[in-house]
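A.B. asks: model this:
(one chain, ligands or ions: 2)
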Amino acid sequence: MKIVVTGTGYVGLVTGVCLAELGHTVHCLDTNEEKIKMLNNGLSPVFEPGIDELIKENSEQKRLNFTSNYVEAYRDADVIFIAVETPELPNGSADLNILFKAAEQIAENIQGNCLIVIKSTVPIGTADKLNSFIEDKLRYNVTFEIASNPEFLSQGTAINDTLYAKRLILGVESDKAEGTLREIYKKIKSPILVTNRRSAEMIKYASNDFLALKISFVNDIANLCEIVGADIDDVTKGMSFDDRIGNKFLNAGIGYGGSCFPKDTKSLHWLAYQHGYELRTVKAAIEVNELQKTKLISKARKQFPSFKGIRVSILGVTFKPGTDDLREAPSIDNIKILVEEGALLTVFDPVGMEKFKNYFPQVNYATSVEESLRDAEACFIFTEWDMFKEIKPEKFLSLMSQANVYDGRNCFSVLDMRRNGVNYISIGR
Ligand SMILES: NC(=O)C1=CN([C@@H]2O[C@H](COP(=O)(O)OP(=O)(O)OC[C@H]3O[C@@H](n4cnc5c(N)ncnc54)[C@H](O)[C@@H]3O)[C@@H](O)[C@H]2O)C=CC1
Ligand SMILES: O=C(O)[C@H]1O[C@H](OP(=O)(O)OP(=O)(O)OC[C@H]2O[C@@H](n3ccc(=O)[nH]c3=O)[C@H](O)[C@@H]2O)[C@H](O)[C@@H](O)[C@@H]1O
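C.D. replies: Numbering: from 1, shown residues only. Ligands and ions are numbered 1, 2, ... in the order given. This is a model prediction of the structure:
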């Protein structure tokens, strides 16, 4: 079976590499020739723990190929997984132009019967639309079918999330498509839900939006904790003993970022609106998150009414630890404010700095935590990398000229920091 994965981004590359690891022969296709060049040199264009080793091993075994030649890749493909980006348009809806461009390339080049599987996150009804679109554009006399197989991996744990998936959702309209997908995934021992394509598309949005809601709820409660003198960490710990609530996704902070929660909440809200329905819960999650992103700076105003000329250490810029991804990272909103006010920034992040330089070339970059902290009058922590959590209060006190630490991810014990003399401000505590 010839499998093509369209797009070698976070999802496509991990999907391709993991399918090869499961023993399939996979052709990873990307129209970005730079990425293909890197991959053919054994380098991953994205940072993802464990991916380099799997690329090397599976390329050596000749199970994994990288190409930008879509004409050749699609010609005799049996299964095509589409994993291209579906970004947000200014009105909040999903931009499907890239997906439809890929579909056009597929339609014009498939010469055999083929299953086309949508892995990208797409609005409900997209698989149906893609079906008619491809039918109209087919150049050869072939049969094809569209399936929806949404992806649930998280960046930073993507390989594990794929090889040991918590669930596989197969949105199919025929037994044949189900059989093909079951065959592809037969080595993954995960629960499988077979459903129709629209439900599969909805499962993806509902899952992401539910998690976003959970985070916004906790942040809302965290803000109230500050007002009434409660501690959000103890509150969520207390809540988590109830297994109906669970202990995951209860971390208060400066809000969710990344390429998915922000866009997937807005996209589902927009889709509902187009159908004359208002998704009030999701709307609330979006609004709380928007306000939460700059909450920490508002709190720092007490000490620094203006940041003009203030030396500021920034620890962490990626939208979460374990990734180099900066898409919708709350750090960006905050750093924009600080730069506009004329703060003197020294930024450090263990993996995100190269990409971050494209956003803010004008700030200083440090090569270590220590270098970033040295002589700073304030420190902002935007990402909870493990190496930051290990910083002892003494380090802030000895390196900074004033130990004002604003922690957007609640990395430390309030008691420990304050008892040792750090002016420590976090979220909801
Ligand atoms: N990033 C994540 O953690 C997850 C993302 N998703 C969804 O998966 C989709 C992809 O997301 P990412 O991998 O983050 O995107 P990405 O932007 O990292 O990668 C997309 C890739 O597709 C390539 N591409 C675009 N048009 C193409 C074409 N016509 N032919 C071949 N390649 C083409 C781009 O050059 C790019 O390398 C999105 O819909 C996203 O919502 C779903 C679950 C997790
Ligand atoms: O569709 C997607 O792209 C993916 O989106 C998320 O994965 P990801 O964006 O990689 O990262 P998460 O770990 O979910 O974190 C998202 C954001 O929420 C924030 N977050 C997370 C958990 C928490 O308790 N509090 C909190 O603020 C993180 O800091 C981060 O900014 C989902 O977890 C995946 O299941 C999904 O497949």
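
A.B. asks: partner residues bridging residue 66?
C.D. replies: In this structure, residue 66 bridges to residue 28 when assessed by DSSP bridges.

A.B. asks: and the stretch 301-429 of the chain, which of its residues are near ligand 2?
C.D. replies: 319, 320 (Cβ under 6 Å from any ligand atom). Yep, even glycine has a C-beta here, placed from its N, CA and C like the rest.

A.B. asks: rerun at 8 Å
C.D. replies: Proximity of the stretch 301-429 of the chain to ligand 2, by Cβ under 8 Å from any ligand atom, involves residues 319, 320, 323, 325, 328, 329, 330, 383, 384, 409.

A.B. asks: can I get these in a markdown table with pLDDT?
C.D. replies: Formatted as a markdown table, those follow (pLDDT from 0 to 100):
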| residue | pLDDT |
| --- | --- |
| 319 | 97 |
| 320 | 97 |
| 323 | 91 |
| 325 | 93 |
| 328 | 97 |
| 329 | 97 |
| 330 | 98 |
| 383 | 98 |
| 384 | 98 |
| 409 | 98 |
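
A.B. asks: and the residues you listed near ligand 1, which?
C.D. replies: Checked against ligand 1 using Cβ under 8 Å from any ligand atom, those give the following subset in range: residue 325.

A.B. asks: if we take the residues of the stretch 301-429 of the chain next to ligand 2, which one ends up nearest to residue 107?
C.D. replies: The closest of these to residue 107 turns out to be residue 325 (Cβ to Cβ; 31.0 Å).

A.B. asks: Pull the contacting residues for the closest one.
C.D. replies: Listed by Cβ atoms under 8 Å, 6 or more residues apart in numbering, the contact partners of residue 325 are 10, 46, 47, 155, 258, 259, 318, 319, 352, 355.

A.B. asks: Among the residues you listed, find me the one that's closest to residue 112.
C.D. replies: Comparing the contacts of residue 325 against residue 112 with Cβ to Cβ picks out residue 10 as the nearest, at 29.3 Å.

A.B. asks: surely the closest one meets residue 44?
C.D. replies: No. Assessed by Cβ atoms under 8 Å, residue 10 is found out of contact with residue 44, at 10.2 Å.

A.B. asks: Which of the contacts of residue 325 fall in helices?
C.D. replies: 10, 355 (DSSP state H).

A.B. asks: ok, of the contacts of residue 325, which one's closest to residue 98?
C.D. replies: Proximity to residue 98 was ranked across the contacts of residue 325 by Cβ to Cβ; first place goes to residue 259, at 13.3 Å.

A.B. asks: what about the nearest residue to that closest one once chain neighbours are set aside, neighbour count?
C.D. replies: With Cβ to Cβ, 6 or more residues apart in numbering as the measure, residue 327 is the residue that lies nearest to residue 259, at 4.1 Å, once sequence neighbours are left out. Residue 327 is flanked by 19 other residues according to other Cβ atoms under 10 Å.

A.B. asks: now do residue 399
C.D. replies: The number of residues packed around residue 399, counting by other Cβ under 10 Å, is 19.

A.B. asks: Give me the distance between the closest residue to ligand 1 within the stretch 151-300 of the chain and residue 200.
C.D. replies: Scanning the stretch 151-300 of the chain for the residue nearest ligand 1 gives residue 151, at 4.0 Å (criterion: Cβ to the nearest ligand atom). From residue 151 across to residue 200, the span is 11 Å (Cβ to Cβ, to the nearest Å).

A.B. asks: can you check residue 164 too?
C.D. replies: Using Cβ to Cβ, residue 164 is found at 20 Å from residue 200.

A.B. asks: Comparing the two, which residue is more hemmed in?
C.D. replies: Higher neighbour count among residue 164 and residue 200: residue 200, with 22 against 11, using other Cβ under 10 Å.

A.B. asks: Now do the contacts for that one.
C.D. replies: Contacts were defined as Cβ under 8 Å, 6+ apart; by that measure residue 200 touches 148, 149, 150, 169, 170, 171.

A.B. asks: do that again at 10 Å, thanks
C.D. replies: Applying Cβ atoms under 10 Å, 6 or more residues apart in numbering, we find residue 200 in contact with 118, 124, 127, 147-150, 169-172, 193-194.

A.B. asks: likewise residue 400?
C.D. replies: Neighbouring residues of residue 400 by Cβ under 10 Å, 6+ apart: 311, 313, 372, 373, 374, 375, 376, 377, 378, 379, 422.

A.B. asks: How about the contacts made by the spatially closest residue to the fifth one that is not a sequence neighbour?
C.D. replies: Right, the one you point to is residue 374. If you skip the residues right next to it in sequence, residue 374 has residue 399 as its closest partner in space, 5.2 Å away by Cβ to Cβ, 6+ apart. For residue 399, the contacting residues are 313, 369, 370, 371, 372, 373, 374, 375, 376, 379, 391, by Cβ under 10 Å, 6+ apart.

A.B. asks: what's the closest non-adjacent residue to residue 155?
C.D. replies: residue 323 (4.1 Å).

A.B. asks: How many residues are close by the one you found?
C.D. replies: Other residues near residue 323 come to 25 when the count uses other Cβ under 10 Å.

A.B. asks: so what's residue 119 scoring on pLDDT?
C.D. replies: As summarised for this prediction, residue 119 has a pLDDT of 98.

A.B. asks: measure the residue nearest to residue 374 to residue 408 for me?
C.D. replies: 20 Å.

A.B. asks: and the host helix or strand of residue 415, which residues are buried?
C.D. replies: Mapping residue 415 onto the secondary structure by DSSP states H and E places it in helix 414-419. Of the residues in helix 414-419, those buried by neighbour count under the rule 16 or more other Cβ atoms under 10 Å are 414, 417.

A.B. asks: Check stretch 82-91 too.
C.D. replies: Taking 16+ other Cβ under 10 Å as the basis for neighbour counts, the residues of stretch 82-91 that come out buried are 82, 83, 84, 85, 86, 88.

A.B. asks: just checking, the last one touches residue 269?
C.D. replies: By that I understand residue 88. No. Distance between residue 88 and residue 269: 11.3 Å, which falls outside the contact criterion (Cβ atoms under 10 Å).

A.B. asks: give me every residue that touches the residue lying farthest from the centre of the chain.
C.D. replies: Taking Cα atoms, centre = their mean as the measure, the residue most remote from the mean C-alpha position of the chain is residue 141, 38.8 Å away. Listed by Cβ under 10 Å, 6+ apart, the contact set of residue 141 reads residue 111.
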